[in-house]
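S.K.: heads up, no residue letters with this:
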Ligand SMILES: O=c1ccn([C@@H]2O[C@H](COP(=O)(O)O)[C@@H](O)[C@H]2O)c(=O)[nH]1
């Protein structure tokens with residue numbers, strides 16, 4: 001099954017637009033995991049077990065694994081999801097972008113080494129740097145468009161040929177880069193007006209929307225402005241708001257409850 005089919009199917013089966021971000025920080029893990037051989041993996045495993053019925057996808061953030069020397073635990077986590085939550089796709093959030101020959105290797109890293117279903121990419125260097133990812137027709141390629149961070153407008157809102165840079169990205173994604181129907185866009189929940197605008201430009205494209213929970217994005221606006229005509233088309237990510245819902249030994253159950261609560265809140269606005 002392709003990433004797009006898998007995302008739709010998990011979203012319908014679990015009646016969920018929730019993406020759980022797996023961003024484990026060793027310093028924040030519950031005490032009970034501190035002596036474990038693979039604490040990050042044990043943490044993620046408990047989160048996945050508790051949340052898999054309430055989500056449409058998982059999004060491990062690669063920096064948390066690379067930065068803490070835990071690449072093996074990233075691989076173990078993705079393998080675990082494929083085995084124990086097989087219908088839920090995995091987005092590797094790594095925001096790659098480099099010249100074509102290097103991008104080929106990054107695509108192999110994401111899709112062959114880690115077996116991710118989708119990957120986030122940075123379009124700043126242009127089409128040739130995206131092509132190695134886009135050519136994997138069954139994999140999702142999720143392109144940064146209007147990111148959630150406070151200074152995202154520094155470049156993304158610059159006017160160029162009568163449109164802002166993020167609008168150009170949305171139009172290129174829609175008209176030129178989506179030749180395999182495997183493109184999605186990242187639009188931050190912290191910019192609901194821009195989300196609405198991009199939905200108008202790209203009525204059928206899925207959006208990955210980070211920025212609810214810890215970053216304070218408004219869930220109601222995200223749903224009302226971002227859903228497609230069928231009331232779907234969004235993967236609304238929360239990482240810290242779900243994985244650290246409780247930092248005692250009860251963390252798994254608490255994450256499950258937080259994911260379910262977010263799912264239900266989102267559904268109340270659909
Ligand atoms: O525009 C963007 C793109 C990616 N992210 C990533 O999403 C999560 C958000 O984590 P929270 O704890 O829910 O704030 C994180 O992995 C970011 O790297 C984003 O926030 N904004």
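M.R.: Yep, it's here. A quick note: this is a predicted structure, and the numbers were derived from the prediction, not measured.

S.K.: Report the separation between the closest residue to residue 97 other than its chain neighbours and the ligand.
M.R.: In space, and not counting its chain neighbours, residue 97 is closest to residue 122: 3.6 Å by C-beta to C-beta, 6 or more residues apart in numbering. (C-beta placed from N, C-alpha, C; glycine too.) Residue 122 sits 10 Å away from the ligand, going by C-beta to the nearest ligand atom, to the nearest Å.

S.K.: ok, residue 122 - how many residues close by?
M.R.: Using other C-beta atoms under 10 Å, residue 122 has 16 other residues around it.

S.K.: and it, what pLDDT?
M.R.: On pLDDT, residue 122 comes in at 98.

S.K.: Likewise for residue 95?
M.R.: 98.

S.K.: where's residue 175 relative to residue 67, distance?
M.R.: Distance, residue 175 to residue 67, by C-beta to C-beta, to the nearest Å: 36 Å.

S.K.: now do residue 244
M.R.: Distance, residue 244 to residue 67, by C-beta to C-beta: 17 Å.

S.K.: Looking at the two, which has the bigger crowd around it?
M.R.: Per other C-beta under 10 Å, whichever of residue 244 and residue 67 has more neighbours is residue 244, with 20 against 11.

S.K.: residues contacting the more buried one?
M.R.: By C-beta atoms under 8 Å, 6 or more residues apart in numbering, the contact list for residue 244 reads 28, 251.

S.K.: Could you report the separation of it from the ligand?
M.R.: Taken as C-beta to the nearest ligand atom, the span from residue 244 to the ligand is 8 Å.

S.K.: The nearest residue to residue 134 once chain neighbours are set aside: neighbour count?
M.R.: Excluding its sequence neighbours, the residue lying closest to residue 134 (C-beta to C-beta, 6+ apart) is residue 141, at 5.4 Å. Applying other C-beta under 10 Å, we find 28 residues neighbouring residue 141.

S.K.: same check, this time on the one 5 residues further on
M.R.: Residues contacting residue 146 under the criterion other C-beta under 10 Å number 26.

S.K.: Can stretch 147-165 be said to contact the ligand?
M.R.: Yes: with C-beta under 6 Å from any ligand atom as the criterion, the ligand is reached by stretch 147-165 at 147-148.

S.K.: For that stretch, buried residues please.
M.R.: Using 16 or more other C-beta atoms under 10 Å as the test for burial, stretch 147-165 gives 147-148, 152-153, 156, 164-165.

S.K.: Could you do stretch 261-270 as well?
M.R.: 262-263, 266.

S.K.: just stretch 192-210 next, same as before
M.R.: Using 16+ other C-beta under 10 Å as the test for burial, stretch 192-210 gives 192, 194-195, 197-199, 201-202, 205-210.

S.K.: Please identify which pair of those lies farthest apart.
M.R.: When C-beta to C-beta is used, the two most widely separated members of the buried residues of stretch 192-210 are 201 and 210, lying 19.6 Å apart.

S.K.: give me phi/psi at the residue nearest to residue 97?
M.R.: Residue 122 adopts backbone torsions of phi -100, psi 120, taken as degrees, to the nearest 10.
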